[in-house]
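Asks: just coords:
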């Protein structure tokens, strides 16, 4: 069994880590965009204009798949189940409603726009839960290709940016309370950094609440991934796949994510270590998404036309409006 440092992987890993370092630095300077998006863009541009040779392929493939799983496990150390439980019960009805709306609209609108199933799934999951992190968790289970992954993340980023720029003004216009806006931002904006940016732009109280709601929403990665893995396993079994194996299909990295989260919840991770762990997780995600960009074909992505963008817009609008409607109904305005 080859190791990450296998000689065949070193050129591709060096390229992915090098570009990711640049992307990470750019993300620190422009947090509204974030290192992950810079990583995908840099990867796509290098692939488009320099076309790395076949000797880079093993390392790039390893970074886009295995490093991606490591990044999800590392995220678990920053997620205390006890912490999110305090807010989880309060925001659960809104969160479940928005997740349901995202799934139904992605399915119906995707069919209307003739967007293929894999891209519908990635856009729907990413919009429903937590953007790039949710997509990163689902990709190894459904074996989505790099083109769909890059397109889905880029589409979701576009509407994250729109939300950060417009939500605070809309919240003041609608007269939302600090907690009301925090609940809206935490359930209707995908990426954590975008939730934080919008929440604290509104007020400090809104930012605190939005962040905790977002963490609660992120825990849905676990049941969603397990449900998707079950469906994939069922299809393979019904299809009579000769090499069908539940152990092969099962997303073991999600189990390790749970272990990491349990360790965090039990208080076994020293508080001073948490920022370092978060930095490592963020860095691994940037490396993985840079590798996905290096594997993506810009021409193939462009050939899909505007339909995925329209799908992303429709799903995002459905989530934002559903969140407001449920908040109004339960008196959390």
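Replies: Arrived safely, thanks for sending. Quick caveat, the model's predicted, so the values are computed rather than measured. Numbering: from 1, shown residues only.
Asks: Just give the nearest non-adjacent residue to residue 263, would you?
Replies: In this structure, residue 263 finds its nearest non-sequential neighbour in residue 269, 6.0 Å apart by C-beta to C-beta, 6 or more residues apart in numbering. C-beta here means a position set from N, CA and C on the backbone, and glycine is covered the same way.
Asks: in which helix or strand would I find the one you found?
Replies: Residue 269 is part of no helix or strand, with elements assigned from DSSP states H and E.
Asks: Contact partners for it?
Replies: Residues in contact with residue 269, defined by C-beta atoms under 8 Å, 6 or more residues apart in numbering, are 77, 263, 277.
Asks: In the chain, where's the longest helix?
Replies: Longest helix of the chain, by residue count under DSSP state H: helix 81-113.
Asks: on contacts alone, who are the packing partners of that one?
Replies: With contacts taken as 3 or more C-beta pairs under 8 Å, 6 or more residues apart in numbering; DSSP states H and E, helix 81-113 sits against helix 117-128, helix 178-188, helix 204-218, helix 252-265, helix 307-329.
Asks: Comparing those helices, which comes out most buried?
Replies: Per residue and on average, the most neighbours among the helices and strands packed on helix 81-113 fall to helix 178-188, with a mean of 27 (mean count of other C-beta atoms under 10 Å).
Asks: Can you report the mean pLDDT over the residues of that one?
Replies: Mean pLDDT, helix 178-188: 90.
Asks: Tell me what angle it forms with helix 81-113.
Replies: Going by axes from the mean of the first three to the mean of the last three C-alpha atoms, to 10 degrees, helix 178-188 is angled at 60 degrees with respect to helix 81-113.
Asks: hmm, who's touching helix 178-188?
Replies: Defining contact as C-beta under 8 Å, 6+ apart, one finds that helix 178-188 is touched by 90-91, 94-95, 98, 163, 167-168, 171, 176, 195, 198-199, 202-203, 205-214, 216-217, 316, 319-320, 323-324, 327, 332-333.
Asks: Quick one: mean pLDDT over the longest helix of the chain.
Replies: The average pLDDT for helix 81-113 rounds to 81.
Asks: quick one: secondary structure of residue 31?
Replies: Three-state assignment for residue 31 (DSSP: H, G, I helix; E, B strand; the rest coil): coil.
Asks: Please disregard the earlier target; I meant residue 51.
Replies: Quick answer, by three-state DSSP: residue 51 is coil.
Asks: Run a quick neighbour tally on it.
Replies: Residue 51 has 8 neighbours, counted by other C-beta atoms under 10 Å.
Asks: Against residue 13, how distant is it?
Replies: According to C-beta to C-beta, to the nearest Å, residue 51 and residue 13 sit 18 Å apart.
Asks: Same question for residue 183.
Replies: 42 Å.
Asks: just residue 184 next, same as before
Replies: Note on residue 184: its distance to residue 13, by C-beta to C-beta, is 41 Å.
Asks: Excluding chain neighbours, give the residue nearest to residue 14 in space.
Replies: Nearest non-adjacent residue to residue 14, counting by C-beta to C-beta, 6+ apart: residue 59, 7.1 Å away.
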